[in-house]
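Peer 1: Below is the structure, and that's it, no one-letter string:
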């Protein structure tokens with residue numbers, strides 16, 4: 001019981017990915033209905049149909065999902081290239097645009113950029129302008145949408161039933177957009 005299940009809101013809006021035991025509890029508790037079935041689960045005396053996609057029986061209001069702030073996500077947002085000189089394929093680090101010692105946020109999307117070791121060393125504990133550097137692109141918080149959340153699952157055949165509910169075409173899945 002280690003596979004995941006797509007959870008849809010009452011209006012078929014994708015909400016989350018839950019574990020199979022959690023989805024079973026939702027279905028057996030009458031809080032959700034099965035829309036797509038997965039592989040059967042058998043015990044010594046009984047067999048159940050495992051859900052692959054479930055829809056909640058009541059609408060859940062939720063805030064807009066936000067991208068997780070991590071080194072990996074910062075590198076991905078900046079396309080694995082230095083935001084000062086544009087080089088890629090070199091040893092990259094994370095740089096605080098406004099250094100922490102000068103009152104900059106220590107961990108925010110708008111204050112962190114990808115930088116090569118040379119530019120990060122050159123900038124040091126100064127503002128980019130004082131070090132003679134200019135950002136190629138202003139840092140921003142990336143959008144977190146259906147593609148970002150669910151696309152990694154759709155690359156696996158085990159989750160092919162999800163495609164009908166996420167409205168993501170085969171071309172997007174193949175390209176990894």
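Peer 2: Perfect, I can see it now. A quick note: this is a predicted structure, and the numbers were derived from the prediction, not measured.
Peer 1: hmm, what's the outermost residue in this protein?
Peer 2: Residue farthest from the centre of the chain, counting by Cα atoms, centre = their mean, is residue 45 at 39.7 Å.
Peer 1: Quick check: phi and psi at that residue.
Peer 2: Phi and psi for residue 45, reported as degrees, to the nearest 10, are phi -120, psi -10.
Peer 1: any idea how this protein splits into domains?
Peer 2: Domain segmentation of the chain under automatic domain parsing yields 4-64+148-175, 66-143.
Peer 1: By mean pLDDT, show me the worst of those domains.
Peer 2: In terms of average pLDDT, domain 4-64+148-175 trails the rest of these, at a mean of 85.
Peer 1: any idea how far that one is from the chain center?
Peer 2: Shown here is domain 4-64+148-175, whose average C-alpha point lies 17 Å from the average C-alpha point of the whole chain (Cα atoms, centre = their mean, to the nearest Å).
Peer 1: Go ahead and confirm residue 74 touches residue 111.
Peer 2: No - taking Cβ atoms under 8 Å as the contact criterion, residue 74 and residue 111 are not neighbours in contact, 10.6 Å apart. Bear in mind the C-beta positions are built from the backbone N, C-alpha and C, glycine included.
Peer 1: more neighbours, the two?
Peer 2: When residue 74 and residue 111 are compared for neighbours, residue 74 comes out ahead with 19 against 16, by other Cβ atoms under 10 Å.
Peer 1: What helix or strand is that one located in?
Peer 2: Counting by DSSP states H and E, the secondary-structure element that holds residue 74 is helix 71-77.
Peer 1: what does residue 41 give?
Peer 2: For residue 41, the element it lies in under DSSP H and E is strand 32-42.
Peer 1: helices or strands up against that strand?
Peer 2: Counting contacts by 3 or more Cβ pairs under 8 Å, 6 or more residues apart in numbering; DSSP states H and E, strand 32-42 packs against strand 4-8, helix 20-28, strand 47-56, helix 163-166.
Peer 1: so what strands line up beside the longest one?
Peer 2: Same thing as strand 47-56. Partners of strand 47-56 in the sheet, by DSSP bridges, are strand 4-8 (parallel), strand 32-42 (antiparallel).
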